[in-house]
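Colleague: Following is a predicted model, sequence given first.
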Amino acid sequence: MTVPSLNAALVRGAVTSPFKRAGRPGATLPADRAVLPAAPIAAGPLASYRRICGFTEPDTLPLTYPHVLGFPLAMRLMTARRFPLPVVGLVHTWIEITRHRTLHPTDRPELTVYAESLAPHRRGTEVTMVTEARLAGEPVWESRSGYLSRHATPTGSGPTDTGPAPTHTGPDSTDTGSAPRDTAPVPELPAVAEWRLPGDLGRRYGAASGDRNPIHLYPLTARLFGFPRAIAHGMWTVARCLAETPEPKEVHGVRADFRAPVLLPATVTYAADTTGFQLRSAGRLHLTGRIRHAPGPAAARDGRS
């Protein structure tokens, strides 16, 4: 199994977005499901992904990797003509991942992606996209991601922000841009390490993940979409933080909220305790995450006999 190319979806999104109007009354989601049939996981791209994100356990599939494999399917659905929101300007606000059992590089997962719900938000409309992985028909992994389409709303309509803010997706971004902020203060977690992120991080992660969105590549291409410099992929920041947990394979699930972009190059602080993690710099909070550990011995959660 290799990561499908995002190029066609990015072009299609640029073409279809001008003809869509976010916030249209009575908008509904298509019932379409995109499926990537069961197949071996390509070793080369997985090895590149491990290196750029810092995962070191060779026998366990990184918790975030099925999302990488399934994201092109999500983009295919979100750029389809019947999808009600324009993908240009869509912002990735949060992600929740649950691992029901340990996945291994030798597994052959089948991936299914679909749009689950469309809900009013005080700054627009939010869609929840679901990715599911199965082995021989058994659900083994799932993720839910929130994507916000910002548009004018009646005063007081929709729920208030419960956490974050975003990262962009679509032709003008795939992860991590700026977005509405939650004004509630977030207690700082203890600082663990300082990371110096190079200017080519977006290009290197893009080569490993297949996400070569222009906002992550060069200052010039990022400026076309309103960023002074290239920005780090939001999903890289989540994966990098998870790779630093003492026992990544023991993490059963994660909830991450994207709050501000990381402009490259950058120096950021990784902060964490037993319950979660943060990424911050110069007083700015970029990412918050909460982790869940599976109960019981590891052997009971491992799909191997």
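Modeller: Right, received. Where do you want to start?
Colleague: can you pull the buried residues of stretch 29-38?
Modeller: By neighbour count on 16 or more other Cβ atoms under 10 Å, the buried set for stretch 29-38 is Leu29, Ala34, Leu36, Ala38. All C-beta spots, glycine's among them, are computed from the backbone N, C-alpha and C.
Colleague: How about Pro84, nearest residue that isn't a chain neighbour?
Modeller: For Pro84, ignoring the flanking residues on the chain, the nearest one in space by Cβ to Cβ, 6 or more residues apart in numbering is Ala27 at 3.9 Å.
Colleague: can you count the residues close to the one you found?
Modeller: 15 (other Cβ atoms under 10 Å).
Colleague: does it count as helix, strand or coil?
Modeller: Under DSSP: H, G, I helix; E, B strand; the rest coil, the three-state class of Ala27 is coil.
Colleague: Wait, it touches Pro120, no?
Modeller: No. Contact criterion Cβ atoms under 8 Å: Ala27 and Pro120 do not qualify, at 10.5 Å.
Colleague: Who is Arg196 paired with across the strands?
Modeller: Residues in a beta bridge with Arg196, per DSSP bridges, are Thr267.
Colleague: Contacts only, for it.
Modeller: By Cβ atoms under 8 Å, 6 or more residues apart in numbering, the residues touching Arg196 are Pro265, Ala266, Thr267.
Colleague: and if we set it to 10 Å?
Modeller: Pro265, Ala266, Thr267, Val268 (Cβ atoms under 10 Å, 6 or more residues apart in numbering).
Colleague: Among the buried residues of stretch 29-38, which one lies nearest to Lys20?
Modeller: Leu29 (12.9 Å; Cβ to Cβ).
Colleague: If I look at the closest one, what pLDDT would I see?
Modeller: Each residue has a pLDDT score; the one for Leu29 is 89.
Colleague: what's the burial count for the closest residue to it other than its chain neighbours?
Modeller: Spatial nearest neighbour of Leu29, chain neighbours left out: Ala115 (4.4 Å); criterion: Cβ to Cβ, 6+ apart. For Ala115, the neighbour count with other Cβ under 10 Å is 24.
Colleague: Which residues are in contact with Ala115?
Modeller: Counted by Cβ under 10 Å, 6+ apart, Ala115 has contacts 28-34, 74, 77-78, 80, 83-85, 127-130, 147.
Colleague: Can you pull the poorly scored residue ranges out of the stretch 201-305 of the chain?
Modeller: Within the stretch 201-305 of the chain, the stretches with pLDDT under 70 are 296-305.
Colleague: Which residue ranges of it form strands?
Modeller: With DSSP state E, counting those that start in this stretch as the criterion, the stretch 201-305 of the chain has strands at 251-258, 266-272, 276-281, 284-293.
Colleague: To Pro219, which of these lies closest?
Modeller: Judging the strands of the stretch 201-305 of the chain by Cβ to Cβ, what sits closest to Pro219 is strand 266-272, at 13.0 Å.
Colleague: got the angle for the closest one vs strand 276-281?
Modeller: 160 degrees (axes from the mean of the first three to the mean of the last three Cα atoms, to 10 degrees).
Colleague: tell me what strand 266-272 is packed against?
Modeller: strand 191-197, helix 234-243, strand 276-281, strand 284-293 (3 or more Cβ pairs under 10 Å, 6 or more residues apart in numbering; DSSP states H and E).
Colleague: Can you give the strand pairings for the shortest one, parallel or anti for each?
Modeller: According to DSSP bridges, strand 276-281 forms sheet pairs with strand 266-272 (antiparallel), strand 284-293 (antiparallel).
Colleague: and the angle from the last one to helix 234-243?
Modeller: The reference is to strand 284-293. Per the same axes, to 10 degrees, the angle that strand 284-293 makes with helix 234-243 is 50 degrees.
Colleague: which residues in the stretch 1-150 of the chain form helices?
Modeller: 7-16, 43-53, 65-78 (DSSP state H, counting those that start in this stretch).
Colleague: Out of those helices, which one sits most buried?
Modeller: Of all the helices of the stretch 1-150 of the chain, helix 65-78 has the most neighbours on average by mean count of other Cβ atoms under 10 Å, namely a mean of 24.
Colleague: what's the first-to-last distance across stretch 38-47?
Modeller: Distance across stretch 38-47, first residue to last, is 20 Å (Cα to Cα, to the nearest Å).
Colleague: That one - what's its average pLDDT?
Modeller: 95.
Colleague: Equivalent analysis for stretch 57-66, please.
Modeller: Per-residue scores along stretch 57-66 average to 95.
Colleague: How about stretch 112-124?
Modeller: pLDDT averaged over stretch 112-124 gives 88.
Colleague: Same check on stretch 151-163?
Modeller: The model assigns stretch 151-163 a mean pLDDT of 57.
Colleague: quick revisit: in PyMOL, how would I pick out whichever of the contacts of Arg196 are buried, leaving the exposed ones unselected?
Modeller: A single PyMOL command selects the buried members of the contacts of Arg196 (16+ other Cβ under 10 Å):
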select buried, resi 266+268
